[in-house]
Every structure is written in structure tokens, then in C-alpha cells.
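# My questions are about this predicted structure, shown below with the sequence.
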Amino acid sequence: AEVKSIAILTPEEGTDYGWNQQGVDAAKAAAKAAGVEVVVAQGLGYGDVRPTLRELAEEGASLLIAHASGYNTAAPEIAKELNVPVAIVDTPSALSKGLIADYTLSGHEGAYLAGRLAAKMSRSKTVGIVVSGEPPSWNSQSSAFAKGVKEENGDVKVIYAVIGPAAYSDAAGGKRVTESVIAAGADIIFGQGNGSSFGMLQAVETTKAADGGKVLFIDVIGDKSPIDKGFLLSSVVWNIEPVYAAMIADLKADTFGTKSYAIGLKDDSVKLLKTPQIPDDVWGDVQKIREDIISGKIKVEPVFEATAVRALMSDVKE
Amino acid sequence: MSDLFSELFLGALLFGAMTAAVPLLLAGLGEQISEKAGVLNIGIEGMMIFGAYTGFVGAYYSGSLWFGFLTGALGGAVVASIMVLLCVRIGLNQIVIGIGLTLGFDGLTALLHHFQFSRTYPRLAAAEITAIPLLSDIPVIGPAFFRHHLLVYLAVLLVGVMVYVYRRTQLGLNLQAAGDKPAALDVAGVDVVRTRTVAVLSTGVLAGLGGAYLADVGAGIFVPFITNGAGFLGIVLAMLARGRPLWVLLGALVFGLCLSLTTALQVAGINIPTDVIQMIPFLAVMAMLVIFGRRSQLPAALGIPYVRGAR
Amino acid sequence: MSVDTAPVEMTERSIVARSPGMRKVVHRLVLTVGPVLAALALAGLLLLALGVDPLAYYGYVINRGLLSPSGIQQTLTRMAPLLFLASGLIVAFRAGIWNLGADGQFLLAAVTAAAAGPYFAAIMPAWLAVVLAFLMSVLVAMAWSFVPALLRAYQGVNEIITTLMMTFLGTSLANVLVKLVFLDPGTTVPQTRTLPVEDRLPRLFDTTISSGLVLGLIAIVAVHLVMTRTSFGLRLRIVGANPRAAVHSGLAVPRLTLAVFALSAGLAGAAGAVDILGVQGNVRADWNPAYGFAVIPMVFLARFNGFAAIAFVLLLSVLSIGGESAARRLGVPNHFTLVLVAIVLIVLAIAEYIDHRFIQSRKA
Amino acid sequence: MEAGGHPVIALERVTKRFPGVVANDSVSLAIRAGEVHVLLGENGAGKSTLIGMLSGLQQPDEGRILIDGQPVAITSPRHALSLGVGTVFQHAMLVPTLTVAENLLLGAAWWRRPRKDSLRAEVEELASSLGIRIDLDATAAELSLGEQQQVEILRALLRNSRVLILDESTSMLTPSGIDELGALMRRLVKRGLAIVFITHKLREATAFGDRISILKLGRKVGEIAPERFSALSEDDLTAEIVETMFGNRRSDPDATTRVGTQFPADAQPLLAVRDLCLAPSATSPGLSKISFELRAGEVLGIAGIDGNGQKQLAEVLAGQIAADSGAILLEGRPVDAMSVGARRDAGLRYLTDDRLGEGTVGAFPVSINFFLKQVGRSPFWKAGIEQGGEIDRRAAELVRDYDVRTPSIRTPIGRLSGGNIQKVLLARELSTGAKAVIFNKPTYGLDLANTLVTRQRILDAAASGKGTLVISTDLEELLQLCDRIAVMSGGRLVGTVANGPHAASEVGSLMIGLAA
Ligand SMILES: Nc1ncnc2c1ncn2[C@@H]1O[C@H](COP(=O)(O)OP(=O)(O)OP(=O)(O)O)[C@@H](O)[C@H]1O
Ligand SMILES: Nc1ncnc2c1ncn2[C@@H]1O[C@H](COP(=O)(O)OP(=O)(O)OP(=O)(O)O)[C@@H](O)[C@H]1O
Ligand SMILES: [Mg+2]
Ligand SMILES: [Mg+2]
């Protein structure tokens, strides 16, 4: 089928150097590459997006990208109702030819690398994971990060802390919890959270590690180096453009909805951000590990359930 | 895992509790003043969020936290003055206006943030700490309670000040009269509208200050909806404390501690969802009310606009 | 606790002067439309400041929220839960009970509906499942208001505090239930099982309007008639307007208070139920639309009058549905809708005041 | 003697309008030092409004107010106080949650520390010189209305007012209390104070006044200068006042006393009360072993200083509060277990003294207020549905029968004067099926005409075989209405006397604690 335009729906404004921004930017890029229109509906919140989905469908969008796990009930319904292709996240089971495609974005491979990196570079042999909530895609990265740390060095402790309920905008909470985790000995923080992640960054920038040295921050999804003050160690950067590009292609080839899309290290749709904080030798080692993962020598299975992740955390600690 | 619970960590947890408690304390004390004077200030959330924004802007562009606190207090006062005009002066429904102000300034600050900061996300330098001699050297307790920004000590001092004002000054009498029987205050020669104006503006100043502390010290950055609900906690605290500032302090600390408790348990690897722990303080209070629940003497004229000579 | 009873008094008068008459209706209409226009003008200035053409913006709002066939369907569907909430609040406020806990009652009822709906639907005819789920939600919401009700009725504990706290509690509890108890094993996303579209409340004819709208309208009209035309309603209004007179006239104030809480919470629960069983189909963790918070001022502006409340709820829906669309088309952040609603609220309140003054001076 | 000082305050053709009424219609008035200036007038005549303008609560629409000959716009109560105008308002103006001392201190500069000690000294001195006792540390809510009035008077004097205004201040006091207040006024004017004294009781006017001004429908319709005042005999004075107030000659209602009809001792009691007990509270002495019998057709009075448990007794009888022990029998059947509604149905009726506070719902129309105690009953409600037509029909009837002066049956009752509100309450309690009726302060705050009407209703009720219990702080009233008068003090019935020539003195001595 021909593709005239695609539309993307995001819960927050696409200016968060994270999930929403990566989604919006990727959609724009993919559309540009395929020479189709793109409609961006951002900041829709986590409520009911059916009205917007319907409106966009009526406007003739050839594909609705519902870029939030919270939209994966509404979108398929609208797809069936108005017979318009939609793409949703975190729901591989929902595939439906020509109608519903799933893209489960999981940076777990990248997070695993980040874990290895963190374990190599932690002076205090303690690293922290701070998250503002426990959606699947973050869980898989948290667990993979912990796995990476342990497999790099079994003696390194991992501290796992969730800020609090619905803490997406709780920057103060992010800072508070991160400070506590640093006080508990962590000198590298793996942080996941929207608005709150800026609080984490702030904590890292303003708190000394136990040994008086710098604390470093590993970010996810986006690239915060434009606003970095020299504390950003790395980031598990997602590039969703290939996914959206593939979707457009499949639409044209009438194979849409037959497969779920994913991102990974091999095509660099997941990659670790290189910053000045990373010594070249360490970076070299990390790149080797990357090869091993791509070649399948190292297996990294994603773990999506919150409870499973927490369980994992408590025993990785021993 | 227990070796994680170093002095340093415990200190940090309690420090976090204190930091989280301060905005609630300021909001609660502020709301308490309005309620004593007979104004149900539902707009306090709006005053906090605007104070957080103006407070951050002030601190960021001037580079001085104190200037930020000043602008934050002013920001709160600006919102409060709208409330004064509409609810105290011309006596509009306090709940409608309160909710209106909260919605409006939540939205407005989010807009401003979008156009001003959403690409740069500026962050402030660490707040300078004032360590209290001797006390600050006590293990755990010291770093937890005696190594804070000066404003924190001032906020705690304010509790004492308010106790004094309520118990020992004419102003205290005026406030109580304005809430319990405004007509009597009026015929005694004190302008009720002016008294309530003072009260609501003070609320705005304190709420704004709380918001500014939250953004400038608590987070070091402003993001939309950063106060998420702190103002309403303030209302609950004020109503529970019923005119007793010390109770507001107590309540604020309990809430702060519960937040840190969350982290503590997680770090200890104890698997309780944060939501459950968030419920503890409310469950405790409800339980207390059920057990000791006596008539809560809220001011008789709470929420009722005063019009001289009306019948 | 007494909140400005002026609006109550107004309604009491307008009710007993049981001669609505075209004039009064028109008067009210003018008094609503005028301020709304003024508010739009005010918000328009803000838009200009943001470099957006206000006319274009409002054009989109009206077109999407009101005129376009599919848009109006969305607006009407959104009204269903708001109408139930409004009717619940009217019962409480008229009886002088300041139930600020509607959102907590709404959420817990929603979770109940989302948990019970799919479960029942699997073992019985869909219509029966929906009915049962609906009733269960209402009961749960009632139960959630029971403690504040008892405290208010027998201890005189102010309900504003207790209902506010029960809302904080309810929000957390709802999350716990979704994440731990009613989790859908079929997905990694923390949400309840989903009630299939075909099993939900039927849609009206061949539109996408949920029949919840009809239920909501029935509820609010019924509430209005009960409050204004029946002895039960009058008893509640007496308790609300002068509790001591209620005691003096031999009304069983505590029992009436319990009834008010039950009704009010039950209706808030019904709101949650129709939203889930009619539209959402499931509840996700951390989901909280906080409808109640937005409806409270509308109910005050409607002076606790059911029919006026319908109009205000419509206004609210139009603004939220249309605003979303306009914001997207003109690249304004969605947050602007919040500001718009706030300005409308405040200007309406001011207009109400001016009108009141006007009537007074005309009497002189 | 003291009369004829220079005017401290003069009102010149002052007019004040309210939505729908002219409260004061170009009223001119001179208030002189050393003079008790009595303001008389029916409910709604405009007395309180006049006061309102002198005390800065309201500003005149036309005319002007002169202080010491200088025109002044009194902009606020504070301003009035600074001009030396102290007012004791018709409705208590103390903050219930504050102590007496704190109430007296209200109004000082806000940054001040309340100067309690110096206050104590001042109060000691002033109070003793006035011969009143005041507990500074009591909470205002704990005081009886009489005591509250004393505090308010004291407050006015503490602010060394040159003008003291008392609006219906005696309506709450007992005979002895009234006499004390009268004596106090005399002492104050001797000191050169100017006093404005509003009352509905001619006796008080003639006894304590130097000059009388009479308002009617907002207009000043007459003034009696000190010279004539002292010249005329009390009866002539009364006659002249009644003449100006009501046109036709009508005698002072308090003039006559009724000689009680003796009921045969074996007559079956309609209402029997045995050993009623109620625990005392912060605000009331409670009840201890109250016993009495009320026979059909009898009017039994309960005298006593306000706040001695009369209200508690009434509410226990009506069922609004439960007694701790004791029994209440109506026609021999115990009603203790019955609810308020059930007792009412059984014929036991309670006419409260708190008309706006609990007697009516001010915002509701007159029509509904008639049936406040019959909500849900047919014919006014059928199957719970309001029968508007039926209600309006019956309401209109009652408005006619009881001569309620209201613009319409839809008028919110709060707008009516106390007198007319009282008529509505009378209609509600007396209309159908009443057997024993409790009247609590039935004529409090009412003007002459309304007082007469109300008292006649009570006598008619008794004549038609109803048992009536009249609680009042107004001894003349009881002497005029009752067959027997019981005296209540400290929550106990300290004695009962048959009405007659000596009743007054006997009751009086019982009140002040001497056995009869
Ligand atoms: N606040 C007000 N609003 C409207 N009308 C008022 C107000 N106060 C007084 N009035 C009007 O002014 C008239 C005079 O009232 P006012 O209270 O002065 O009478 P009064 O002589 O004090 O009666 P009473 O002897 O019963 O106290 C009333 O008839 C009433 O209509
Ligand atoms: N809000 C009001 N608007 C118009 N008129 C009023 C209002 N309130 C009272 N009035 C009028 O004021 C006059 C006096 O009112 P007021 O309440 O003083 O009656 P009252 O006879 O003095 O009763 P009481 O002595 O118990 O106060 C009455 O004629 C009444 O109609
Ligand atoms: Mg008066
Ligand atoms: Mg009066």
C-alpha cells in the first residue's frame, strides 16, 4: 500500500532528551527518508488517547505510532475500528497483519555493556540503579545492567532504588534518592526517569562520592551530552529510526504487522555513548564485549517484570 | 547487605527526609495561617508551583539562592494576591478559585518551562551548607539534621515564631477572631478584610518559599508539575494540626521519613512496592482519627467571605 | 466546615420560585456564554504572546470539540464519567458535605470494574458481566467513603480532611492492586486484564458514543429531581443548609449523612465504572485522570443545579477534546488547555459575582 | 439635673435604603451627654440600622452625622470607636473561642503583646465601680447571654466611650438583671456619658429613660423631651407612646397580671415529668431531678435567669437531647424512647427560642418552613414526591390565619422580622394535633404588637385545652400568662408558686435563692 503520512503520539513533549524526544526525532527522520508526511502529537499525557488516535486516522495518516506502553490498549482498538495500521510498544502478542505491529524497544544489550563499563570504572566497587518507575523497557535495562556489572566483577555491589509512585516529574525525589544511593557507596549511577532523571543528574553533579571523588552518571535512551557538565559517563542511546523506517517499508510491501521490531547493538540502533570520561582502553574492552554479544558468544536475555527485576537485584547483591 | 547501612547512608536517608519535609512544613504552616483566619486556601498548590518556577528563575539568573528564595516568595505572593482580590475582597467561592489557580499555574509554569528551559535544562550549583558547630559532628544525626541550607533552620524556627504569634500577640488574636467570628473582630475595630489579606499573603509567601526550596535545593532544577501535590499535603497537615504549628512540623517530618524509608527498604533489598509505603502515613492518621476521632474544631467562619453589615 | 453557601442559597431560591421561564434560562445562558467569550479573549492574549493566532486556535477547538461529527462524539463520550461525578458532588454539596474524595472513589471503582469485568465476561453473558462489574464498582466506592462518613456522622470529624486523605490513599491502593493483585499475566505492561471491546457498554446506534453518556444524563437529571422535588432531597438540603434546624425538626442527621456519603461516593464510583466498562477497558498502573478535581468547580458554577451542570460539563469536555487538537495543530504545548480551563473558571466565577451584584442593585 | 447637655452626636435627615426598603427615612436625632435616649419602634422600624450607621457598620445614603457639631463620615467600626462611640449590638459580638480578657483586648495594635495585666487592673477597678463581676479567664462561649452583655458593656466603657449604645440589651435579662442594667445606666449618665437605649419594653423606657424617640417604618414619628418626660406620670407616658406607635389606644401588655385558675389536684396530668437528670456541661448546669406536672388547659411558667438549664429542659422534653435518667409521660404514656418526630406526632410540641439558629432554614421559603417538621408527610408529600400545590395552598392559609407579614410565601424566611418568623413557628407548632406545647422565650425580641399577638396565641391554646409550658426570663410575661410559675436555678426546680397578687415577690425571692 502507499504511505502518504505517518503520525506519532507521545505522552510528554519531545524535549526530554529521552523516550519522547527519541521517538519524535526518529519518526521525523524516518518520514523524511521515506519522503512521507509526519504528524507529531506530543504531550498527550497517560490518559485516554482514543480521541487523538481517531482524529489522526481521519486525517488520513497511513500509520499511527502509539509511542507509549500506556497506549497499547487504545491503539489496537482504533486500528480495528477504523482499519488503520498502528504500531504499539511492549506487546508482541498483539501482531495482526496489515493492522498492528509491535516494537518492543529494549536496550538490554546496551545496558549490559553499560553494566560492564560501570563495573570496570567504579572505584568504590558499588554502583547504583535509580528509576522513577518500573515500565517493561526500563526493567529489562535495569536487569541487564546489573547482570553486566556482576559478570564484569562479582564483588561490585548493585543498589537498586525506585523513587516512588508516579514520580516521572519528581525531580526532587530523583535527587533525594540518588543522593542516598551515593551515600550508600555508589560512585556510578545508572539512571532511568523522565523529568526526574534531571534530578538524578543534579545529584550526581553536586554530591561527592564516599572517596571524595566524582560520581558519574549513565543515562538511557537519549543523549544528554548537550547539557552535560562533565559528569555524564555514558548513555544507552536508542536509535528508533531504523524501526520506523522498517515499518514504513513493510507498509509499502504489505508485510506490516507480520513481525515485531526491535533495536539492538548490531545495527547500532542501540549503542553506548562515548564520552571523554571513558578511558580509551576501557572503551576498547567494551567494544570487544559488544562484538561478543553481536556474535552471540554472550547471551543477554531481557527481563521485563518488575517483580523479577527486584528479585534479581536482591540476589545480585550477595 | 546490612553493611550498606553505613553511618553515611543513614545520615543521607535522614538528610533526605528533612529535605523532603521542608517544603511540606512551609506549605503547612502557610495554609494554617489562612485557615486560622477563615480562608480555605485550596490555591496553595498553585502558589507553590509558581514559587518553584519564579524561585528557580531568580536563583538561576542571579546565581544566588537567597535571591531565588526571594523571587519564589514573591511568586507565591503574586498568586496569593489574586486569591485575596477574588476571595477575600469580593468574596468569590474559595474552592472554585483555589482549583482554578492550581490548574492555571500548573499549566502556565509548564508552558514557560517549555519555551525557556526545555532544550537546556539548566541546573543550579549545590546549595551551600551551614553546619551547626558541635551538633553537626554527632554521628548520623549531625549530617542528617545539622548540615543543611540556612533556610531549613529558619523554617524550623518559624514553627516557634508561629506558636508565639498565635499565643502571645494581638495579631494571633486577630487571626483567630477573623476565623471564628469575623463580625466580632470588625466591631472591635479591626478590619477583617485586611486581617485576612495579611493571612492569605503570608500563605502565599510561605508556599512560594516552599516551592522555591523544592526547586532550588530539593531538585536543583525546575521541571513541570515538580510540586506534584505537595500543596495538598500542606492542606491536610494544616487541617490535622488545627492551629498548632508543632503538629505541622511533626506531620511534615513523618511524610519525609516515609519517603526515605522507601529508599532504605529498597537498598536493603526488601521487596515492598513504593506505593505501599506511601500509604503508611495516611493509614496512620486515619487510624488515629478513628480511634481518637473527636470533633475537629475548624474555624466557624472557614470558607465564608465576610461582608460588613450583611444579614 | 461551611464553605461559602451563597450558591446554595441561590439555588434554593431559584428552585422554589418554580417558574424557570424562558427569560431565566436565557439570562443564565447569557451569563455563561458571555464570560466564556471574555475568558477566551483573555486566553487569546496569552496565545498571541506565544505567537499563535487565537482565532485559528479557537477555530480548531470549536471545530474538533463541537462541530466535527467524530469530534462531538468524542466530547459526548468524555462527558459520561464527568456527569456521574458531577451528580455525586451535587448530592454531597447540597447536603453540606464537602466530599473532596471523588477521585479516590473513582479510581478504586475503576480498578474494581477492570478486575471484575473481564473475569465475569469469561464466565457469563457479557451484558450480565458488565452489570455485575458496574454494581461491584459502585459498592467498592461506597465502602471507600464509609470511614469518612462514620467519622463525620458520629464524631463530627471534618470530611474535607478525611476525604482528601482517602484520595491520597485510594490512589496508592489502586496502584498496588493493579501492580500486585489484578496484573494481566498476558503482558509485561503493569495493567489489568482488558475487557474486549465487544463486551463493553454498547455504543449509541452506529456512533462511537458510549451509552455511558445516556446513563450519566439519567443519573444527573434523576439526582436533580430527587434533590429538588422529593422529601428525601429536601431532608438532605435541610441538613446542608442548617444542621441544627435538621435536629430540631427531628431528622436523623447521622443516618442522612451516611446516606449522602454512600450516594455521593456511589455515583463517583459509577463514573469510574462507565469510564472503564464503556471506554478504557482496563486500568494501567499510575493511571489517574483526576476528573473529579476538574468537575468540582463546574458543580459550584452550576450552583448545584443538575441541568446547569450538564452544560458546564459539556464545556469542560469541549475544551479538553478540542484543546488537545488545536494545541497539536498549532504546535502549542498541551499544557495550554489547563490554562484555558483555569481562565474560564475564574472569569465565570467573577461574572457570577457581578450578576449577583446586579440583581441586588436592581432590587433597590 | 443631668438632662439638656450639648449634643455629642446629631443625625441630620439621615436616610438609609436597603434592597426593597427604606430602613431610615430622613431621621433627625440629637444625642446628649448625661442623657439616656430611648429608641422605640416595631420590628423593622429601623432602630438597628440607625445604630449601624453610628457605629460605622453602614454609611447613610443621605443626610449627615455631626459629632460635637462637626460633620463626620463614620467609615468603620474602628473609626466609630475612635470617636468615642461604643456599641453593644443586638446580637452578641464576642468571639466564642477567646477568653473574656482576649475579647476585651481585641482591637489593639496588631504587633503588640496583649497587655493582660494592666487590663486586669482596669477591669477590677471599673467592674467594682459599676458593681458587676466578671471572670476574665472564662471562655466567652461559657458565659450566659446576660454575662456576655455585661462584658460588651464593659468593653465599651474600657475604651472610654463618650456614647454608649445598647440595642435590645435587656431582651436577655431577668427582672433583677434589667434593674441592675437600669441602675448602671443611671450611674453612667451621671458621669456625663450619653446613652442610646433600644428596647421593646415600655416599662424599661419609662423607668430608665430621659428622652424618648419613636421610629415607625423608618421615620421618626415622635420625641418626648426630658421636661415632658419628667412631667408626665408613668401611665400617661405609656399611653402617649402607645398612641404614637400604634395610633389607636392599646394598653401596655405587661400591665395586667392574671390570677391563676386552680386545677383540681386529682385532675389527670397531661404531661408528667419525673426526676429528669442531665449531666452538666461546660456551657450549662445540666438538669438535676426535675419533676413537674402539667394539666390540660393549664399554663405553667418556668422562670429563671437565662442559662440555668431551661433550654436543656426544653430540648430533653422535645427529644433533641436524651436525659441521663428520669421519665416523661404524655397522657400517662412514656415518651422517653420516642424520637423528636414521634413525640411531635404524639402531640408534644416545642417552639424554640432560637428562631433563625434552629427554628427555621433562613434560605428556604416561608412555605417550606411551615412544614419543616412534616417533611415527607401527606398531603404535602405523596410517595416522597413534593406536592407543590398542596404546600402552597396550606401555607397561604396559615399566612392568613396567623397574619404573617411576608411579601410572598416564596420569600426566604430569613428576610422576615423576628416577629413574623415567630408567627410562622407558632403556626407550625399549634396548627394540627398539638396537646402539650413548650414555648421557649416566646416573645424575645418582638415588638409590642407581635408580643401581644404571641401571648394571645398562648392563652388561646390553653383555653382550647392544650397544656402549655412557657419558659421565659421575663417575669411580667409569666405573671400575665401563667396559672403556676416554677422557678429554675442551677438546673433544679427550686419551687413553684400559684399565680396571684404575691406571686411576683415569691418568685423573685426564689430566683435570688431565698425559699418561698
Ligand atoms: N443588611 C440589611 N440588608 C437588607 N435590608 C436590611 C438590612 N438591615 C436592615 N434592613 C432593612 O432595614 C429595616 C430596618 O431593620 P432594622 O434591623 O434596623 O429594624 P429594627 O428596628 O432594628 O428591628 P428590631 O426591633 O426587630 O431589631 C428592615 O425592615 C430591613 O428591611
Ligand atoms: N437580609 C435581609 N434583607 C432584607 N431585610 C431584612 C434582612 N434581614 C432582616 N431584614 C429585616 O430587618 C428587620 C429586622 O430584622 P431583625 O432580624 O432585626 O428582626 P427582629 O424582629 O429584630 O428579630 P430579632 O429581634 O430576633 O433580631 C425585619 O423587618 C426584617 O424583615
Ligand atoms: Mg434591631
Ligand atoms: Mg433585630
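The structure has been received and is ready for your questions. Ligands and ions are numbered 1, 2, ... in the order given.
# number of nearby residues for the residue lying closest to residue A:113 once chain neighbours are set aside?
Leaving out its chain neighbours, the residue that sits closest to residue A:113 by Cβ to Cβ, 6 or more residues apart in numbering or on different chains is residue A:272, at 5.1 Å. (C-beta placed from N, C-alpha, C; glycine too.) For residue A:272, the count of nearby residues is 27 (other Cβ atoms under 10 Å in any protein chain shown).
# who's residue A:272 bridged to?
Beta-bridge partners of residue A:272, counted by DSSP bridges, are residue A:236.
# I figured it hits residue A:115, correct?
No - using Cβ atoms under 8 Å, residue A:272 is not in contact with residue A:115; the gap is 10.7 Å.
# Tell me who's in contact with residue B:282.
Residues near residue B:282 by Cβ atoms under 8 Å, 6 or more residues apart in numbering or on different chains: C:165-166, C:168-169, C:172.
# Using a markdown table, please lay out the residues you listed together with distance to chain A.
Formatted as a markdown table, the contacts of residue B:282 follow (distance: Cβ to the nearest Cβ, whole Å):
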| residue | distance to chain A |
| --- | --- |
| C:165 | 16 |
| C:166 | 16 |
| C:168 | 10 |
| C:169 | 12 |
| C:172 | 6 |
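# closest to chain D among those?
Taking Cβ to the nearest Cβ as the measure, chain D lies nearest residue C:165 of the contacts of residue B:282, at 25.2 Å.
# Tell me who's in contact with the closest one.
For residue C:165, the contact set (Cβ under 8 Å, 6+ apart) comprises B:236, B:282, B:285-286.
# so where do the helices sit in the stretch 101-250 of chain D?
D:116-130, D:145-158, D:175-190, D:202-208, D:226-231, D:234-246 (DSSP state H, counting those that start in this stretch).
# For the helix or strand hosting residue D:79, which outside residues touch it?
Secondary structure assigned from DSSP states H and E places residue D:79 in helix D:77-82. Helix D:77-82 is contacted from outside by B:186-191, D:54-57, D:74, D:87, D:107, D:159, D:161, using Cβ under 8 Å, 6+ apart.
# continuing past it, what's the next helix or strand?
By DSSP H and E, the next helix or strand past helix D:77-82 is strand D:85-88.
# Show me which residues of stretch D:428-444 are buried.
By neighbour count on 16 or more other Cβ atoms under 10 Å in any protein chain shown, the buried set for stretch D:428-444 is D:428-431, D:434-444.
# same check, this time on stretch D:493-502
For stretch D:493-502, the neighbour count (16+ other Cβ under 10 Å) marks D:493-500 as buried.
# Can you pull out the low-pLDDT segments for the stretch 101-250 of chain B?
Regions of the stretch 101-250 of chain B meeting the criterion pLDDT under 70 are absent.
# Tell me which residue of it lies closest to ligand 2.
Nearest to ligand 2 in the stretch 101-250 of chain B, going by Cβ to the nearest ligand atom, is residue B:183, at a distance of 14.0 Å.
# Assess the claim that that residue and residue D:94 are in contact.
No - when contacts are counted by Cβ under 8 Å, residue B:183 is not listed as touching residue D:94 (10.3 Å).
# Which one's more surrounded, the two?
Neighbours were counted for residue B:183 and for residue D:94 using other Cβ under 10 Å; residue D:94 has more, 27 against 22.
# Find me the pLDDT at the more buried one, would you?
Per-residue confidence at residue D:94 stands at 92 (pLDDT).
# residue ranges with poor pLDDT in chain D?
Looking at chain D by pLDDT under 70, you get D:1-5, D:172-174, D:246-266, D:282-283, D:512-516.
# Dead centre of it: give me the residue that sits there.
residue D:444 (3.1 Å; Cα atoms, centre = their mean).
# if I pick it, what's in contact with it?
Residues in contact with residue D:444 (Cβ under 8 Å, 6+ apart) are D:171-172, D:353, D:418, D:474.
# so where does it fall, helix or strand?
Under DSSP H and E, no helix or strand contains residue D:444.
# Which residue lies closest in space to whichever residue of the stretch 51-200 of chain D sits closest to ligand 2, excluding its sequence neighbours?
Across the stretch 51-200 of chain D, the shortest distance to ligand 2 (Cβ to the nearest ligand atom) belongs to residue D:90, at 5.7 Å. Leaving aside its chain neighbours, residue D:90 sits nearest to residue D:167 (4.2 Å; criterion: Cβ to Cβ, 6+ apart).
# shouldn't the one you found be in contact with residue D:48?
Yes - with contact defined as Cβ under 8 Å, residue D:167 counts as touching residue D:48 (5.8 Å).
# hey, what's in contact with both of these two?
Going by Cβ under 8 Å, 6+ apart, residues that sit against residue D:167 and also against residue D:48 are D:89-90, D:198.
# Arrange the residues you listed in CSV, one row each, with distance to residue B:56 as further columns.
Compiled in CSV, those are given as follows (distance: Cβ to Cβ, whole Å):
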residue, distance to residue B:56
D:89, 51
D:90, 55
D:198, 61
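# List just the nearest of the residues you listed to residue D:465.
residue D:90 (37.0 Å; Cβ to Cβ).
# Ramachandran angles for that closest one?
phi -60, psi -40 (degrees, to the nearest 10).
# residues near it, how many?
Close neighbours of residue D:90, defined as other Cβ under 10 Å, add up to 17.
# what does residue C:289 give?
Residue C:289 has 22 neighbouring residues, counting by other Cβ under 10 Å.
# distance between the ends of stretch B:32-41?
End-to-end distance for stretch B:32-41: 9 Å, by Cα to Cα, to the nearest Å.
# any residue of it up close to chain C?
Yes - Stretch B:32-41 is in contact with chain C by Cβ under 8 Å from any Cβ of the partner chain, via residue B:40.
# Which residue does the stretch 401-516 of chain D have closest to chain B?
Relative to chain B, the nearest point of the stretch 401-516 of chain D is residue D:414 (7.9 Å; Cβ to the nearest Cβ).
# what residues are up against that residue?
Neighbour list for residue D:414: B:311, D:356, D:360, D:362-363 [criterion: Cβ under 8 Å, 6+ apart].
# same thing but at 6 Å, please
residue D:362 (Cβ atoms under 6 Å, 6 or more residues apart in numbering or on different chains).
# how much space between it and ligand 1?
11 Å (Cβ to the nearest ligand atom, to the nearest Å).
# tally of neighbours for residue 206?
Assuming you mean chain A. Quick note: residue A:206 (other Cβ under 10 Å) scores 18 neighbours.
# my question was about chain D
21.
# just checking, it touches residue D:234?
Yes - contact criterion Cβ atoms under 6 Å: residue D:206 and residue D:234 qualify, at 5.1 Å.
# any common contacting residues for the two?
Here residue D:206 and residue D:234 share no contacting residue, scored by Cβ under 6 Å, 6+ apart.
# tell me which residues in the longest helix along chain B are buried?
If you go by DSSP state H, chain B has its longest helix at helix B:7-36. For helix B:7-36, the neighbour count (16+ other Cβ under 10 Å) marks B:8-36 as buried.
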